[in-house]
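*Asks:* need coordinates for the below:
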Amino acid sequence: MSKEFTFTIKRIRFDENYRPSDNTRITTNFANLARGESRQENLRNTLQMINNRFNDLAHWDNPTADRYSVELEIISVDIDVEGNGKTFPTIEILKTNIVDHKTNKRIEGIVGNNFSSYVRDYDFSVLLLEHNKNQAEFSLPENYGALHGKIFKSFVNSNTFKNNFNKPPVICLSVSSSKTYYRTANQHPVLGVEYQQDDYSLTDEYFEKMGLQVRYFMPPNSVAPLAFYFCGDLLSDYTDLELIGTISTMETFQKIYRPEIYNANSTAGKCYQPSLKHQDYSLTRIVYDREERSQLAIQQGKFTEEHFIKPYQHILEQWAEGEGYFDKNYPDKNHTDKSYAAV
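*Replies:* Numbers count the residues shown, from 1 in each chain. Coordinates of the predicted model:
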């Protein structure tokens with residue numbers, strides 16, 4: 001049986017004074033907001049949007065719509081592969097906490113929410129592009145996402161995770177613009193109307209390898225469904241306030257980053273295909289460069305290849321227990337043939 005790696009976490013508060021650390025993926029939603037001349041105004045406006053949306057959804061016993069506020073922590077997860085104290089930044093997620101100003105209580109929220117990973121940058125922005133560079137039809141490398149999935153599952157099952165968080169993670173992302181979603185009759189008081197689709201997206205399949213299933217819900221007063229990735233039972237494992245914390249946080253990010261979908265001026269219908277080419281939408285006052293974010297993802301993917309995938313290839317291969325990931329994607333284990341490297 002292969003050894004398990006050691007994970008360590010660091011916590012930093014995400015507020016208007018937040019500045020990304022050197023190890024933070026700068027393509028991450030919250031880190032991208034904290035850059036440039038408008039950084040503090042961006043952060044202040046984002047947090048206010050989150051609080052407003054939370055109080056809109058948690059409207060009971062809340063007549064002035066200001067009973068609650070959301071506090072956010074950035075959870076950075078580092079992995080130690082060799083057990084020598086040398087770590088690589090692996091995962092970054094958000095942890096919500098809810099402050100009830102009526103009772104003066106602080107309520108623990110869900111960990112997960114936003115999700116970022118250097119290895120995912122490598123998979124999507126280096127490995128996948130290189131694999132399809134000269135292909136007539138799009139295809140996936142064999143065992144695509146297997147390594148990343150095992151790293152994530154190993155973290156969630158680790159003592160580090162269990163000692164810090166009471167419930168499994170829930171990750172909330174945009175629905176795919178390449179798929180069509182169909183409204184169902186199922187409706188949850190907080191998550192809203194459920195949508196379904198016949199064909200999973202590449203992201204859905206990638207998260208499945210992380211041990212997460214997906215359901216799509218359009219919360220009350222939203223204009224498009226969100227994709228919720230989870231293990232267990234999304235509807236019964238979490239309280240209404242916990243779910244509202246995730247919805248208010250991630251819907252706010254999506255309004256900023258994908259306004260064509262989540263800040264559209266019309267609501268998703270019974271049969272809905274999201275589109276980033278949609279023109280009838282409103283912009284927030286928050287500055288964001290989507291093109292720059294795509295370019296940075298490639299840079300970060302190459303950084304991962306150079307500082308994690310290549311140096312630890314033999315150890316990771318043994319740990320993956322012969323899943324074939326490296327045999328297919330790194331044919332030369334001695335690193336002498338550079339033909340597979342991204343250009």
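*Asks:* which positions in the helix or strand harbouring F54 come out as buried?
*Replies:* Secondary structure from DSSP states H and E places F54 in helix 39-57. Judged by neighbour count using 16 or more other CB atoms under 10 Å, the buried positions of helix 39-57 are 39, 42-43, 45-47, 49-51, 53-55, 57. Backbone N, C-alpha and C define where each C-beta goes, glycine included.
*Asks:* which strands and helices lie in contact with it?
*Replies:* helix 29-33, strand 68-80, helix 240-257 (3 or more CB pairs under 8 Å, 6 or more residues apart in numbering; DSSP states H and E).
*Asks:* how about a markdown table for the ones you listed, with distance to T180 and mean neighbour count added?
*Replies:* A markdown table is the format used below for the helices and strands packed on helix 39-57 (distance: least, CB to CB, whole Å; neighbours: other CB atoms under 10 Å):
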| stretch | distance to T180 | mean neighbour count |
| --- | --- | --- |
| helix 29-33 | 25 | 23 |
| strand 68-80 | 32 | 19 |
| helix 240-257 | 19 | 24 |
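*Asks:* between the ones you listed, which one is nearest to P311?
*Replies:* Of all these, strand 68-80 sits nearest to P311, with 12.5 Å by CB to CB.
*Asks:* touching the helix holding F54 from outside, list them.
*Replies:* Outside helix 39-57, the residues within contact range by CB atoms under 8 Å, 6 or more residues apart in numbering are 14-19, 33-34, 36, 62, 65-70, 72, 98, 190, 219-221, 244-245, 247-249, 251-253, 255-256, 284-287.
*Asks:* that helix vs helix 240-257, what angle?
*Replies:* With axes from the mean of the first three to the mean of the last three CA atoms, to 10 degrees as the basis, helix 39-57 and helix 240-257 are set at 140 degrees to each other.
*Asks:* what residues sit buried inside stretch 297-314?
*Replies:* 297-298, 300-305, 308-309, 311-313.
*Asks:* an error on my part: the question was meant for stretch 221-234.
*Replies:* Buried-residue list, stretch 221-234, by 16+ other CB under 10 Å: 222-230, 234.
*Asks:* going along the chain, name the helices of this structure.
*Replies:* Assigned by DSSP state H, the chain shows helices spanning 29-33, 39-57, 118-122, 128-131, 146-156, 159-164, 202-208, 240-257, 259-262, 290-304, 313-319, 325-329.
*Asks:* ok, of those, where does mean pLDDT dip lowest?
*Replies:* Here these differ in mean pLDDT, and the lowest is helix 325-329 at a mean of 49.
*Asks:* keeping just the C-alphas, turn the helix holding F54 into PDB.
*Replies:* In PDB, the C-alpha atoms belonging to helix 39-57 read as follows (Å, rounded to 0.1, in the frame of the first residue of the first chain):
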ATOM      1  CA  ARG A  39      -8.500  46.500  -4.800                       C
ATOM      2  CA  GLN A  40     -10.000  47.800  -1.500                       C
ATOM      3  CA  GLU A  41     -13.200  49.100  -3.200                       C
ATOM      4  CA  ASN A  42     -13.600  45.800  -5.000                       C
ATOM      5  CA  LEU A  43     -13.300  43.900  -1.800                       C
ATOM      6  CA  ARG A  44     -15.700  46.200   0.100                       C
ATOM      7  CA  ASN A  45     -18.300  46.100  -2.600                       C
ATOM      8  CA  THR A  46     -18.000  42.300  -2.900                       C
ATOM      9  CA  LEU A  47     -18.500  41.700   0.800                       C
ATOM     10  CA  GLN A  48     -21.500  44.100   0.800                       C
ATOM     11  CA  MET A  49     -23.100  42.200  -2.100                       C
ATOM     12  CA  ILE A  50     -22.600  38.900  -0.200                       C
ATOM     13  CA  ASN A  51     -24.200  40.300   3.000                       C
ATOM     14  CA  ASN A  52     -27.100  41.800   1.000                       C
ATOM     15  CA  ARG A  53     -27.800  38.500  -0.700                       C
ATOM     16  CA  PHE A  54     -27.600  36.600   2.500                       C
ATOM     17  CA  ASN A  55     -30.200  38.700   4.200                       C
ATOM     18  CA  ASP A  56     -32.400  38.600   1.100                       C
ATOM     19  CA  LEU A  57     -32.500  34.800   1.400                       C
END
